[in-house]
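>>> Requesting a structural model of the entry that follows:
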Amino acid sequence: MKRALIIAYYWPPAGGPGVQRWLYFVKYLRDFGVEPVVYIPENPTYPIIDEGMLEKVPDVEIIKKPIREPYKIAKILSRKKTKQISRGIISEKDPSSLERMMLYVRGNYFIPDARVGWVKPSIAFLQKYISENKINCLITTGPPHSMHLIGLGLKKLSGISWIADFRDPWTSIHYHNAMRLTKASAAKHKKLEQEVLQEADHIIVTSRSTKKEFSAITDKPITVITNGYEIGETIVPKPDTKFTLSHIGSLLSDRNPEVLWEVLETLCNEQADFRKQLVISLTGVVSEEVMDSIRKHGLGDNLRYNGYVSHSEAKQLQHNTQLLLLLEMDKEETKAIIPGKLFEYLVSGRPILAIGPQGSDIEAILAETGSGTFFSPSEKEALQNQLVEYYKAYQGGTLNVDPTGIERYSRKALTGKLSEVIHAL
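Below is the predicted model of the structure:
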């Protein structure tokens, strides 16, 4: 059985989607002839904590070493802004002077990210560990992309086979330019990205668009392994009686679907019954701008805000709702983003209404599986017509979908694909 050392920053009790990908890969790797060993920080600064995730950690070897992070110091200045920036939640709209300063420091003094201080001590420790423990391959997962610099250093020192997993792009991520980078800092990011892509033996990405982008930089093999959903979980739906449109996860100003609120306002004004039945259910971190936008369109009485809930509670809400909302920024660089929640949305069996940039990888998955509809913000009339159809189906008790081919997105099937990459090294 091959032994794979996985270097990750996010691990339970961290909450949010970043932790789930490798938690479940680790759970299933033994089924495919790979023994995982996980290396994580001993004292990380996680912006979201979900204690329930600890129950899902399999019985594997986990190595921990201390990490020094500037976010601990930055909290003294602004707890809220520090938490947002550490999660990659960076607004490009009217940042305060404190936020501009924090972004400048983050972008120019900590390259590629604020966890870069963990790189050198990790390389020193892991070089010895690898030589003494018969590790066959190394896997790094980012963001934070400083994890890849640990892999780069170990590759140069030991020649170990190395897989670099990119859950998100690096220099083309939508908030990269918001970090107020100097020309020298931007060039350093590019140089490090290129070096990682050229030195890794195999690269894994989560979308076809990112594969296309990276293929222009490196000739190393690149495999698309998306995020996925967990099999074998029994969730009994408790269907909402109202026409509930639910968004699960962070919804910040840059992803505010103004066109959706406009359409819902029109339908409420045209049909009194629609207004009575409509519920806009938001779960997770939601910006005040989004809240204000909903109220501005006369939908305040239709809003149900649940705040942050555990992962298990979020999945129950997904199964209960009438319609699931998937919302992305209308930008060229967000075409490659496939939120992890999409795959849990798929298995919920509820219709998905997605709004985002034309040509998004999300649109392709919805079309392949027959699980929902996709619109760009410019398609207002088509969006309105679709919502009318969904509402009619809700009234008739027929608002359902029967997705096809989603088995390929189960976490166990995706781990099988990952194991093929590992065994081929």
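
>>> Now do the helices in the stretch 51-200 of the chain.
Counting by DSSP state H, counting those that start in this stretch, one finds helices in the stretch 51-200 of the chain at the ranges 71-74, 79-86, 97-109, 119-132, 146-158, 183-199.

>>> Is it correct that L29 falls within a helix?
Yes. Using DSSP: H, G, I helix; E, B strand; the rest coil, the assignment for L29 is a helix.

>>> wait, doesn't it sit right on A4?
Yes. L29 lies in contact with A4 (C-beta atoms under 8 Å); the separation is 7.0 Å. Every residue, glycine included, has its C-beta placed from N, CA and C.

>>> what touches both of these two?
Common neighbours of L29 and A4, using C-beta atoms under 8 Å, 6 or more residues apart in numbering, are E35, P36.

>>> Show me the helices in the stretch 251-400 of the chain, by range?
Along the stretch 251-400 of the chain, counting by DSSP H, counting those that start in this stretch, helices occupy 258-270, 272-277, 288-296, 311-320, 341-348, 361-369, 380-395.

>>> most packed of those helices?
helix 341-348 (a mean of 24; mean count of other C-beta atoms under 10 Å).

>>> Report the angle between that helix and helix 311-320.
Orientation check (axes from the mean of the first three to the mean of the last three C-alpha atoms, to 10 degrees): helix 341-348 against helix 311-320 gives 60 degrees.

>>> re earlier: possible to save the helices of the stretch 51-200 of the chain as a markdown table with mean neighbour count and mean pLDDT?
Listed next are the helices of the stretch 51-200 of the chain as a markdown table, based on neighbours: other C-beta atoms under 10 Å; pLDDT from 0 to 100:
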| stretch | mean neighbour count | mean pLDDT |
| --- | --- | --- |
| helix 71-74 | 15 | 51 |
| helix 79-86 | 18 | 44 |
| helix 97-109 | 16 | 77 |
| helix 119-132 | 16 | 96 |
| helix 146-158 | 22 | 97 |
| helix 183-199 | 16 | 95 |
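
>>> can you redo those as CSV with distance to S378?
As requested, those are exported to CSV (distance: least, C-beta to C-beta, whole Å):
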stretch, distance to S378
helix 71-74, 38
helix 79-86, 29
helix 97-109, 30
helix 119-132, 43
helix 146-158, 37
helix 183-199, 31
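
>>> Indicate which one of those helices is closest to E333.
For the helices of the stretch 51-200 of the chain, proximity to E333 was assessed by C-beta to C-beta; helix 183-199 is nearest, at 14.3 Å.

>>> just checking, what packs against the closest one?
Contact analysis of helix 183-199 by 3 or more C-beta pairs under 8 Å, 6 or more residues apart in numbering; DSSP states H and E lists helix 146-158, strand 161-166 as its packing neighbours.

>>> which other residues reach the helix or strand hosting A4?
Using DSSP states H and E, A4 maps to strand 2-7. The contact list for strand 2-7 (C-beta under 8 Å, 6+ apart) reads 22, 25-26, 29, 33-39, 122, 126, 129-130, 133-141, 147, 150-151, 422-423.

>>> Tell me which of the helices of the stretch 251-400 of the chain approaches E333 most closely.
For E333, the closest of the helices of the stretch 251-400 of the chain is helix 361-369, at 12.4 Å, according to C-beta to C-beta.

>>> now the closest one and helix 341-348, what's the angle there?
Interaxial angle, helix 361-369 versus helix 341-348 (the same axes, to 10 degrees): 20 degrees.

>>> Next, the buried residues of the strand holding A4.
Of the residues in strand 2-7, those with enough neighbours to count as buried (16 or more other C-beta atoms under 10 Å) are K2, A4, L5, I6, I7.

>>> Dump those to a markdown table, plus pLDDT and distance to S246.
A markdown table is the format used below for these (pLDDT from 0 to 100; distance: C-beta to C-beta, whole Å):
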| residue | pLDDT | distance to S246 |
| --- | --- | --- |
| K2 | 95 | 41 |
| A4 | 98 | 37 |
| L5 | 98 | 39 |
| I6 | 98 | 33 |
| I7 | 98 | 35 |
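
>>> ok, of those residues, which one's closest to G372?
So of the buried residues of strand 2-7, ranked by how close each gets to G372 (C-beta to C-beta), first place is I6, at 32.8 Å.

>>> burial measure for I338, as a count.
By other C-beta atoms under 10 Å, the residues close to I338 number 24.

>>> pull the helix or strand with minimum mean pLDDT from the chain.
helix 79-86 (a mean of 44; mean pLDDT, DSSP states H and E).

>>> quick revisit: centre of the chain to the strand holding A4, how far?
23 Å (C-alpha atoms, centre = their mean, to the nearest Å).

>>> In PDB, list the C-alpha atoms belonging to it.
The C-alpha coordinates for strand 2-7 follow below in PDB (Å, rounded to 0.1, in the frame of the first residue of the first chain):
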ATOM      1  CA  LYS A   2       1.400   3.400  -1.000                       C
ATOM      2  CA  ARG A   3       1.800   6.000   1.800                       C
ATOM      3  CA  ALA A   4       0.800   9.500   0.900                       C
ATOM      4  CA  LEU A   5       1.700  12.600   3.000                       C
ATOM      5  CA  ILE A   6      -1.000  15.200   2.700                       C
ATOM      6  CA  ILE A   7      -0.200  18.800   3.600                       C
END
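
>>> Next, the angle strand 161-166 makes with it.
Calculated by the same axes, to 10 degrees, strand 2-7 forms an angle of 40 degrees with strand 161-166.

>>> Partner strands of strand 2-7 and their direction?
Taking DSSP bridges as the criterion, strand 2-7 forms sheet pairs with strand 34-41 (parallel), strand 137-142 (parallel).

>>> I'd assumed E381 was in contact with F375.
No. Look at F375 against E381 with C-beta under 8 Å: they stay out of range, at 9.9 Å.

>>> Quickly list what's touching both of these two.
By C-beta under 8 Å, 6+ apart, no residue touches both F375 and E381.

>>> which stretches of the protein aren't confidently modelled?
71-96 (pLDDT under 70).

>>> Can you spell out the domain ranges of it, please?
According to automatic domain parsing, the chain comprises the domains 2-228+410-424, 243-406.

>>> Which among those is found nearest to T234?
Checking these against T234 by C-beta to C-beta gives domain 243-406 as the closest, at 10.6 Å.

>>> Just the terminal-to-terminal distance for that closest one.
With C-alpha to C-alpha, to the nearest Å as the measure, the first residue of domain 243-406 is 26 Å from its last.

>>> Equivalent analysis for stretch 299-311, please.
27 Å.

>>> Can you list the buried residues in that stretch?
For stretch 299-311, the neighbour count (16+ other C-beta under 10 Å) marks L299, N302, L303, Y308, V309, H311 as buried.
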